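**Q** Kindly return the folded structure for what I paste below:
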Amino acid sequence: MTEASSGLLTAGTLERFTAKTRDKLLEASLVLFNERGFASVTTASIAEQSGVLEGSLWYHFRTKKDILAAHMELLQQVFQDANIDAESSDPETIIAGIFAAYGVIWDFRYILRDDFGSVLDPEEPILATARWVNDFLDAWTEGRIRHAEAHGLLDLAADDMEDISEIILVIGRYWLDFSGKKYPNAQNRELRFKGLQHIFTVLRPYLTPPAAALIAAELDRI
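**A** Have a look, this model is predicted:
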């Protein structure tokens, strides 16, 4: 773990990085892209934040697009691990899985937030991949709500599911950017926790008593 990402990425993502130069570059660039946006970050700043020479960056990644591609591959790996029990019918496992998946979305939020269509050629395959990742997580979020409702954790009308899913996605993607400006002295962990609280505030009117108790317990463990 580099100093740049200390407290800024969750444990499930951090454990993917080693002390190797390539991993240092991926870790530091992930933090920088999240904080400043993909288009605003230079390769020089990534190298500096990683503590390596810019020539070393070029050895591992020819362009920032190659870093984006590596991040999307890593996102899928981390998400798969966090979502391993997605089809479980156990209420506690369902709630814990939602928390874990939110952490992954938080860690890779620039991929879900930034407009790559304005900085990438429309014909580039990586742009299609970025859009696929966004579409997948949109569908996943709605699917988790349906899954929770089917197992008695939510009492939610079918017509409300899409709207609730979209609100949760907005919080996951944009909360830190908003909260970082509103609470400039707050720690990243504190802001992420507050974002989780907002998500469950949205869900509160639809939570069944068992779900509300499980969520309260999960929040206490963070």
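**Q** which residues touch the one helix or strand in the chain whose mean pLDDT sits lowest?
**A** Within the chain, no helix or strand scores below helix 158-182, which has a mean of 83 by mean pLDDT, DSSP states H and E. Contacts of helix 158-182 with the rest of the structure, by Cβ atoms under 8 Å, 6 or more residues apart in numbering, involve 34, 102, 105-106, 109, 112-113, 137-138, 141-142, 145-146, 149, 156, 186, 188, 191-192, 194-195, 198-199, 202-203, 206. (Glycine included, C-beta is placed from N, CA and C.)
**Q** next one: it to chain centre, how far?
**A** Chain-centre distance of helix 158-182: 12 Å, with Cα atoms, centre = their mean, to the nearest Å.
**Q** doesn't Arg16 fall inside a strand?
**A** No: Arg16 is assigned coil when assessed by DSSP: H, G, I helix; E, B strand; the rest coil, not a strand.
**Q** Name all residues that make contact with the closest residue to Gly117 other than its chain neighbours.
**A** Take Gly117 and drop its neighbours on the chain: the residue closest to it by Cβ to Cβ, 6 or more residues apart in numbering is Leu127, 6.6 Å away. Going by Cβ under 8 Å, 6+ apart, Leu127 touches Phe116, Gly117, Leu120, Asp121.
**Q** For Leu127, give me phi and psi.
**A** phi -70, psi -40 (degrees, to the nearest 10).
**Q** now Phe99: how far from Phe200?
**A** Per Cβ to Cβ, to the nearest Å, Phe99 is found 10 Å from Phe200.
**Q** nope, Arg131 is what I meant
**A** Counting by Cβ to Cβ - Arg131 and Phe200 are separated by 29 Å.
**Q** The least confident helix or strand of the chain: what's the following helix or strand?
**A** Once the chain leaves helix 158-182, the next helix or strand it forms, by DSSP states H and E, is helix 188-203.
**Q** All the helices of the chain, residue numbers only.
**A** Secondary structure of the chain (DSSP state H): helices at 11-14, 21-36, 43-50, 54-60, 64-82, 91-107, 109-113, 125-150, 158-182, 188-203, 209-221.
**Q** Flag every buried residue along the longest one.
**A** Residues of helix 125-150 classed as buried under the neighbour-count rule (16 or more other Cβ atoms under 10 Å) are 126-127, 129-130, 133-134, 137, 140-142, 144-145, 147-149.
**Q** Give the full set of residues in contact with the nearest residue to Phe79 once chain neighbours are set aside.
**A** Distance criterion Cβ to Cβ, 6+ apart; nearest residue to Phe79, sequence neighbours excluded, is Val104 at 4.8 Å. Each residue near Val104 by Cβ under 8 Å, 6+ apart is listed here: Thr10, Gly12, Thr13, Leu75, Val78, Phe79, Ala82.
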